[in-house]
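Undergrad: the sequence and its predicted three-dimensional model are supplied below.
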Amino acid sequence: MTTLLQNGDAGYDEARSVWNAMIDRYPAAIARCHDTADVVAAVRFAREAGLEIGVRCGGHSIAGHAVPDGGLMIDLTPMNAVRVDPERRLAWVQGGALLGELDKAAQQFGLATTAGNVSHTGVGGLTLGGGMGWLARQFGLACDNVASYELVTADGSVVRASADENAELFWGLRGGGGNFGIVTSFEFRLHQVGTRALVAEFTYPMAAGFDVLRGWRELNATAPRQATFTANVTPDGVTVGYVWIGEGGDQLLPAFRALGPVADEHVEEMSYLTLQSRDDNVQGHRYRRYWKGHYFKSLPDDAIRALLNTPGVSASLQAYGGAIADVPDEDAAFSHRDTLFEFVTATRWEDPAEDATRIAQLREYAAGLAPYASGAYLNTLNGDPINRAFPPAKLARLTALKTAYDPANVFHLNQNIRPGEATGETAA
Ligand SMILES: Cc1cc2nc3c(=O)[nH]c(=O)nc-3n(C[C@H](O)[C@H](O)[C@H](O)COP(=O)(O)OP(=O)(O)OC[C@H]3O[C@@H](n4cnc5c(N)ncnc54)[C@H](O)[C@@H]3O)c2cc1C
């Protein structure tokens, strides 16, 4: 049974607050949904009342897409149940669950599926946009591990999508974001990954940064799939390393130690669940936030130079490849599977007086890297055009799907794919 919150009600302010404290919007009402029927009722109610819809799962959209000013926030957070069938290696996850809830339920059996790196991120937004995580090089993106979706479409119907049922919708849901409806349940394939992980990080002085990053780039070319290479550039120096899931993660340590004059070394074995929440505090709520992202299909020396030329801010690189690139490009809406590294520059602060300078700094840095970029990850788009996430043919196919399922663009508070001309594709 839906709980409806309005300004002044207990819980309203908490429910409208999202990860990025720059978002301070007031929905006319917040519908806290407990099941699929509640979501159907909320969509119908909003449409009849002419209210703009925002959909909230983890609330981590940088642009605050979950919170419509003066509209209806469809809050899925009460729908956070996760059910695991260890024998069939499947998990059914409600549309408002957080990554930590999925990880915890699956790890009871030594199982997991690809999920992001911060446990308070939503399964909903992350998976619909693709879903990158430490297991992706072994098992594909989060969206590659979804066997089926249950969703509520713009006309209030409940629809299933899988490889055998509404196959085109299934294709679009795998990386097309929240454009096609509200997912009330994800069915995930799980993998036997055990419970162990290893994190290795080596810090070098800025003066060694260029050689270290070149060496790291070469090592990455032959990295086993259990390893996901990482790099961080800060104004003080360069840290490179990797996260390894499974046994035998120490085999790469000597090669990293040989990359240059190590100023600091951090090698730690930990449980998979600890790994999945180790950045939870640093990535905590209620700070003002901004980020920019790029995909790199290669990392030429000039890109490394641009990376090291930071205007006082930090950047991270995370390696793609492996099973992400095994999936044929046309199999899913998610694009840029031949990405080598994802670049993100992000910052947080508390004083609103710093907004303009903080944002300008990041934009300047990201602009310096833009000549080496080939698109960007849908879930990191922040004021960027949608065609950074999808090449033209994919965008045309997504537009046709959007036109079929949501011709009035009811679901537009997202990385929006606008409906176009009618195409003949019929919604279920
Ligand atoms: C701290 C942090 C760490 C991150 N780490 C990673 C990472 O490791 N890997 C990665 O790939 N990404 C990562 N991201 C990016 C993340 O994938 C996006 O921010 C994503 O939008 C978060 O989803 P959410 O459900 O938390 O957000 P919300 O703001 O709740 O949702 C964002 C949008 O997603 C859509 N949506 C959400 N749930 C549903 C649903 N059930 N049905 C339909 N539409 C829905 C809606 O359009 C909604 O507006 C991270 C983000 C943050 C802030």
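TA: That came in fine, so what should we check first?
Undergrad: for the helix or strand where R288 lies, what is the average pLDDT?
TA: Assigned by DSSP states H and E, R288 belongs to strand 288-296. Mean per-residue pLDDT for strand 288-296: 98.
Undergrad: tell me the contacts of the spatially most central residue of the chain?
TA: Centroid-nearest residue in the chain, with Cα atoms, centre = their mean: L126, separated by 3.7 Å. Applying Cβ atoms under 8 Å, 6 or more residues apart in numbering, we find L126 in contact with 58, 60, 99, 115-116, 142, 379. All C-beta spots, glycine's among them, are computed from the backbone N, C-alpha and C.
Undergrad: how about 6 Å then?
TA: G116 (Cβ atoms under 6 Å, 6 or more residues apart in numbering).
Undergrad: might you report the residue contacts of the residue of the stretch 201-350 of the chain found nearest the ligand?
TA: With Cβ to the nearest ligand atom as the measure, Q283 is the residue of the stretch 201-350 of the chain nearest to the ligand, at 3.7 Å. If you count contacts by Cβ under 6 Å, 6+ apart, Q283 has them with V118.
Undergrad: how far away is it from H120?
TA: The gap separating Q283 from H120 is 8 Å, by Cβ to Cβ, to the nearest Å.
Undergrad: low-confidence stretches in this protein?
TA: Applying pLDDT under 70 to the chain flags residues 421-428.
Undergrad: what's the nearest residue to L259 once chain neighbours are set aside sitting at in phi/psi?
TA: Using Cβ to Cβ, 6 or more residues apart in numbering and skipping residues adjacent in sequence, the residue nearest L259 is G215, 4.4 Å away. Main-chain dihedrals, G215, degrees, to the nearest 10: phi -60, psi -40.
Undergrad: tally of neighbours for G215?
TA: A total of 17 residues lie near G215 under the criterion other Cβ atoms under 10 Å.
Undergrad: pretty sure it is touching G260, no?
TA: No - if you go by Cβ atoms under 6 Å, G215 and G260 don't touch, sitting 7.2 Å apart.
Undergrad: paired strands for the one helix or strand V93 maps to, with orientation please.
TA: Counting by DSSP H and E, the element that carries V93 is strand 90-94. In the sheet, strand 90-94 lines up against strand 82-85 (antiparallel), strand 182-189 (antiparallel) (DSSP bridges).
Undergrad: one step back: the residue nearest to L259 and R388: what is the separation?
TA: The separation that G215 has from R388, given Cβ to Cβ, amounts to 30 Å.
Undergrad: which residues of the stretch 151-300 of the chain lie near the ligand?
TA: 178, 182-183, 283 (Cβ under 6 Å from any ligand atom).
Undergrad: out of those, who's nearest R225?
TA: Lowest distance from R225 to these (Cβ to Cβ) belongs to Q283, with 25.5 Å.
Undergrad: so is the closest one in a helix, a strand, or just coil?
TA: At Q283 the chain is in coil, as set by DSSP: H, G, I helix; E, B strand; the rest coil.
Undergrad: domain ranges for the chain?
TA: 3-75, 82-192, 196-386 (automatic domain parsing).
Undergrad: dump those to JSON lines, plus distance to A396.
TA: As requested, the domains of the chain are exported to JSON lines (distance: least, Cβ to Cβ, whole Å):
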{"stretch": "domain 3-75", "distance to A396": "23"}
{"stretch": "domain 82-192", "distance to A396": "12"}
{"stretch": "domain 196-386", "distance to A396": "12"}
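Undergrad: what sits against S17?
TA: For S17, the contact set (Cβ under 6 Å, 6+ apart) is empty.
Undergrad: CA atoms of stretch 144-159 as CSV?
TA: C-alpha atoms of stretch 144-159 as CSV (Å, rounded to 0.1, in the frame of the first residue of the first chain):
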residue,chain,number,x,y,z
ASP,A,144,24.7,-8.5,-19.2
ASN,A,145,23.7,-10.6,-16.2
VAL,A,146,20.0,-9.7,-16.2
ALA,A,147,17.9,-12.7,-17.3
SER,A,148,14.6,-10.8,-17.2
TYR,A,149,12.9,-7.6,-16.1
GLU,A,150,9.4,-6.9,-14.8
LEU,A,151,8.5,-3.3,-15.5
VAL,A,152,5.6,-0.9,-15.4
THR,A,153,5.3,1.0,-18.7
ALA,A,154,4.0,4.5,-19.3
ASP,A,155,0.4,3.4,-19.8
GLY,A,156,0.5,1.5,-16.5
SER,A,157,0.8,-2.0,-17.9
VAL,A,158,3.0,-4.6,-16.3
VAL,A,159,5.4,-6.2,-18.8
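Undergrad: got the buried residues for that stretch?
TA: 144-146, 148-156, 159 (16 or more other Cβ atoms under 10 Å).
Undergrad: next: stretch 383-394.
TA: 384, 386, 388-390, 394.
Undergrad: and for stretch 306-323?
TA: Neighbour-count burial for stretch 306-323, counted by 16+ other Cβ under 10 Å, picks out 306-307, 310, 313-323.
Undergrad: using the three-state scheme, assign the closest residue to G322 other than its chain neighbours.
TA: Computed as Cβ to Cβ, 6+ apart, the closest residue to G322 that is not its neighbour in sequence is R137, at 3.1 Å. Using three-state DSSP, the structure places R137 in helix.
Undergrad: what's the neighbour count on R137?
TA: Counted with other Cβ under 10 Å, the neighbours of R137 add up to 26.
Undergrad: and the stretch 1-150 of the chain, which residues reach the ligand?
TA: 18-19, 54-61, 65-66, 76, 95, 116-118, 121-122, 124-126, 128-133.
Undergrad: helices along the stretch 151-300 of the chain, start to end?
TA: With DSSP state H, counting those that start in this stretch as the criterion, the stretch 151-300 of the chain has helices at 167-173, 209-220, 253-257, 272-275.
Undergrad: please disregard the earlier target; I meant the stretch 301-428 of the chain.
TA: 301-308, 323-326, 355-369, 392-405.
Undergrad: report the buried residues of the second one.
TA: Of the residues in helix 323-326, those buried by neighbour count under the rule 16+ other Cβ under 10 Å are 323-325.
Undergrad: let me have those residues in CSV, adding distance to the ligand as columns.
TA: CSV is the format used below for those (distance: Cβ to the nearest ligand atom, whole Å):
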residue, distance to the ligand
A323, 15
I324, 11
A325, 16
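Undergrad: thinking again about what came up before, closest one to T2 among the helices of the stretch 151-300 of the chain?
TA: helix 167-173 (24.2 Å).
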